[in-house]
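Asker: got a predicted model here, sequence first, then my questions.
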Amino acid sequence: MLPQQGARRRGLGRALTALVFAGAVATAAPAHATPETSLQHIVPAPVAVTPRPGVSFTLGADTKIHTQPGSVEARQVGEYLAGVLRPSTGYRLPVVPGASGRHISLLLVGADPAVGAEGYQLDVTGRGAVIRARTAAGLFAGVQTFRQLLPAEVEAKTRQRGPWVVPGGRVLDYPRYAHRGAMLDVARHFFSVDEVKRYIDQIALYKVNRLHLHLTDDQGWRLEIKSWPNLTAHGGSTEVGGGPGGYYTQEQYRDLVAYAAARHITVIPEIDMPGHTNAALSSYPELNCDGVAPPLYTGIDVGFSSLCIAKDITYEFVDDVLREVAALTPGEYLHIGGDEAHATTDPDFDLFIDKVLPLVEKHGKTATGWHEFVKAGPPASAVPQFWGTKTVAPDMVAAAARGSRIVLSPATKAYLDMKYDANTKLGLSWAGYTDVQDAYDWNPGAYIEGLPADAVRGVEAPLWSETITNSAELEFLAFPRLPAIAELAWSPWSTHDWDRFKVRLAAQADRWDVLGVNYYASPQVPWRR
Ligand code: ACM
């Protein structure tokens, strides 16, 4: 996060991407033939939308939510949907096992095989709405689309008038990428459990399925580690600017992970090492090569701290931390950071990564890390997260040739903490200004020169928190760019079209207004209110 760093110069020449206008959405619903409905406003754009002109389904006081008989998971998705719809409609919306052409049905049978593991098919007729998928994750994605077909007021927490009309049609939909991520930095400024849950609810709306939590950095250690309690007692006691900081107890963290899981989002915990470790070094003198604990740090420079590569206790520490974090993590991945290790020599960095990767494996997990860790030649199973500012990245191409599949978070496109323009009060600008169109107009499958399209595992939007301290500030940076990145991660490239996207995005703001989500009213977007 250091403005003066060479590697973090402003990206020049944003890649001009070829726009393909043959998207299924565009061809299925020409504006002249069908009146515009919320079917045209879904974000992320579905694979295919087929309106049934003149047909609609209206929720009523007797509407039920039928879920796949025998499936607890389908029932949980049904309860989630009921939880969204009950406060605003005032309807009872009982969730009951069954299948019916009337009412709302969430079924795990009969979906078009094209939906795969995470997709769904949604049919709205005059009698009801049926979502079919092969998994509960697919049903959950279908529920997010269904929400967006209802009037925005359905998102209200208090009873609204309605009517609750859903346009008739069929949606067939599945994701482009398996990894559709958002990252939140809770280290530079701490965000409470409730603030993180609020963000989880927001990213779930856009079919994001990974929440990467940046849990440790120079300014704070935010997750209780029972075997090293001073990490949080001392290392969690402040933040950028000198505020009180904070941390999650393991119990609170488990609650967060479960809350995310109930929204089909897997939490990826990051313990950033060997750099970005001042909070740990300040908490335990023995982790320092000279045995002297540095003071806590509340500024925003980077690259000055390193674990002591030569000491055995460093690896006892890392082993303990990874063991406890792995035990809190149902997901496959542990993120080991590895970025900006400017206070670690290259040979030491390689040695460190070579010792730490087996520890991740020992605790039953797969490593992911910022792209610098490919210098150390990790195995192909380890996932590099690219955050560079250039489209030329031979390290990534070489890693792909060895079999790695890469998550893309190019700082010039996907970093939600970059200022929108010179007037933006929050955020940083070392990677340049990123207005909504900049965030949207790039093709993850053809972004890094020479990187095969199938070497891309997904897309993730990091939100670093040097300049933000609460949900309103977080949301101002995340919206409307998070939905733009989420669309790149979900939607087929054939649907990519800025002029259509900006209209769909504008319609989403009606929902943000009802939900109380703060956002930047970019002049690039034709807002409706
Ligand atoms: C990073 O922005 N240092 C990953």
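Answerer: Arrived safely, thanks for sending.

Asker: so what strands line up beside the strand ranked longest in the chain?
Answerer: As assigned by DSSP state E, the longest strand anywhere in the chain is strand 48-59. Sheet pairing of strand 48-59 (DSSP bridges) gives strand 164-173 (antiparallel).

Asker: would you pull up the residue in the stretch 101-250 of the chain closest to the ligand?
Answerer: Closest residue of the stretch 101-250 of the chain to the ligand, Cβ to the nearest ligand atom: residue 214 (8.6 Å). All C-beta atoms are positioned from the backbone trio N, CA, C, and that covers glycine.

Asker: shouldn't residue 299 be in contact with residue 240?
Answerer: Yes: using Cβ atoms under 8 Å, residue 299 is in contact with residue 240, at 7.2 Å.

Asker: these two: who's more crowded?
Answerer: residue 240 (25 against 13; other Cβ atoms under 10 Å).

Asker: excluding its backbone neighbours, what's nearest that one?
Answerer: Closest residue in space to residue 240, ignoring its immediate chain neighbours: residue 188 at 4.7 Å, by Cβ to Cβ, 6 or more residues apart in numbering.

Asker: find the nearest non-adjacent residue to the residue sitting nearest the centre point of the chain, please.
Answerer: The residue lying closest to the centre of the chain (Cα atoms, centre = their mean) is residue 182, at 2.0 Å. Of all residues not flanking residue 182 in the chain, residue 203 sits nearest, at 4.7 Å (Cβ to Cβ, 6+ apart).

Asker: ok, residue 232 next?
Answerer: Using Cβ to Cβ, 6+ apart, the closest residue to residue 232 is residue 247 (4.0 Å).

Asker: before we move on, what about residue 471?
Answerer: residue 195 (5.1 Å).

Asker: for that neighbour, what are its contacts?
Answerer: By Cβ atoms under 8 Å, 6 or more residues apart in numbering, the residues touching residue 195 are 470-471, 474.

Asker: which one of the residues you listed has the most neighbours?
Answerer: Within the contacts of residue 195, most neighbours by other Cβ under 10 Å means residue 474, with 26 neighbours.

Asker: report the secondary structure element holding it.
Answerer: helix 471-478 (DSSP states H and E).

Asker: ok, now residue 384?
Answerer: Residue 384 belongs to strand 383-386 when assigned by DSSP H and E.

Asker: my guess is the residue nearest to the centre of the chain contacts residue 209. True?
Answerer: No: the pair residue 182 / residue 209 is not scored as a contact, 9.6 Å apart, by Cβ under 8 Å.

Asker: burial count for residue 395?
Answerer: Using other Cβ under 10 Å: residue 395 sits among 16 other residues.

Asker: and it, how close does it get to residue 405?
Answerer: Residue 395 sits 14 Å away from residue 405, going by Cβ to Cβ, to the nearest Å.

Asker: what's the helix or strand for the closest residue to residue 221 other than its chain neighbours?
Answerer: The spatially closest residue to residue 221, leaving aside those adjacent along the chain, is residue 235, at 3.6 Å (Cβ to Cβ, 6+ apart). Per DSSP H and E: residue 235 is located in neither a helix nor a strand.

Asker: what's the neighbour count on residue 235?
Answerer: The burial count for residue 235: 29, using other Cβ under 10 Å.

Asker: give the bridge partners for the residue nearest to the centre of the chain, please.
Answerer: Residues in beta-bridge contact with residue 182 (DSSP bridges): residue 211, residue 461.

Asker: what pLDDT does it get?
Answerer: The score at residue 182 is 99. That number is its pLDDT.

Asker: how about it, what does it touch?
Answerer: So residue 182 contacts 199, 203, 208, 210-212, 460-463, 478, 482, 485-486 (Cβ under 8 Å, 6+ apart).

Asker: include pLDDT, distance to the ligand and neighbour count when you put those into TSV, please.
Answerer: Converted to TSV, the contacts of residue 182 look like this (pLDDT from 0 to 100; distance: Cβ to the nearest ligand atom, whole Å; neighbours: other Cβ atoms under 10 Å):
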residue	pLDDT	distance to the ligand	neighbour count
199	98	19	22
203	98	19	24
208	99	19	29
210	98	16	23
211	99	16	26
212	99	11	26
460	99	11	26
461	99	12	29
462	98	7	21
463	98	11	24
478	98	16	26
482	98	17	24
485	98	15	30
486	98	20	24
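
Asker: state the pair within the residues you listed that is farthest apart.
Answerer: 210 and 478 (15.1 Å; Cβ to Cβ).

Asker: now the phi/psi pair for the closest residue to residue 77 other than its chain neighbours, please.
Answerer: Once flanking residues are discounted, residue 77 sits nearest to residue 139: 4.5 Å by Cβ to Cβ, 6+ apart. When read as degrees, to the nearest 10, the backbone of residue 139 gives phi -60, psi -40.

Asker: for residue 139, grab the count of nearby residues.
Answerer: For residue 139, using other Cβ under 10 Å, the count is 29.

Asker: who's in contact with it?
Answerer: Applying Cβ under 8 Å, 6+ apart, we find residue 139 in contact with 74, 77, 106-108, 120, 131, 133.

Asker: what does residue 419 give?
Answerer: So residue 419 contacts 426-429, 433-434 (Cβ under 8 Å, 6+ apart).

Asker: for it, grab phi and psi.
Answerer: Dihedral pair for residue 419: phi -60, psi 150, per degrees, to the nearest 10.

Asker: now swap in residue 482 and tell me
Answerer: For residue 482, the backbone dihedrals (degrees, to the nearest 10) come out as phi -60, psi -50.

Asker: roughly how far does it sit from residue 439?
Answerer: Residue 482 sits 9 Å away from residue 439, going by Cβ to Cβ.

Asker: with residue 247 instead?
Answerer: Counting by Cβ to Cβ, the gap from residue 247 to residue 439 is 31 Å.

Asker: which stretches in the stretch 51-200 of the chain count as strands?
Answerer: Secondary structure of the stretch 51-200 of the chain (DSSP state E, counting those that start in this stretch): strands at 65-67, 95-97, 103-107, 120-124, 128-132, 164-173, 179-185.

Asker: ok, residue 338 touching residue 378?
Answerer: No: with contact defined as Cβ under 8 Å, residue 338 does not count as touching residue 378 (9.2 Å).

Asker: where do the contact lists of the two overlap?
Answerer: Counting by Cβ under 8 Å, 6+ apart, the residues touching both residue 338 and residue 378 are 353, 369.

Asker: looking at those two, which is more packed in?
Answerer: Comparing residue 338 with residue 378 by neighbour count (other Cβ under 10 Å), the higher total belongs to residue 338, at 30 against 24.

Asker: list the contacts for that one?
Answerer: Residues in contact with residue 338, defined by Cβ under 8 Å, 6+ apart, are 272-275, 349, 353, 369-370, 372-373.

Asker: now with 7 Å, please.
Answerer: By Cβ atoms under 7 Å, 6 or more residues apart in numbering, the residues touching residue 338 are 273, 353, 369-370, 372-373.

Asker: who in this protein is up against the ligand?
Answerer: Taking Cβ under 6 Å from any ligand atom, the part of the chain that reaches the ligand is made up of 339-340, 370, 387.
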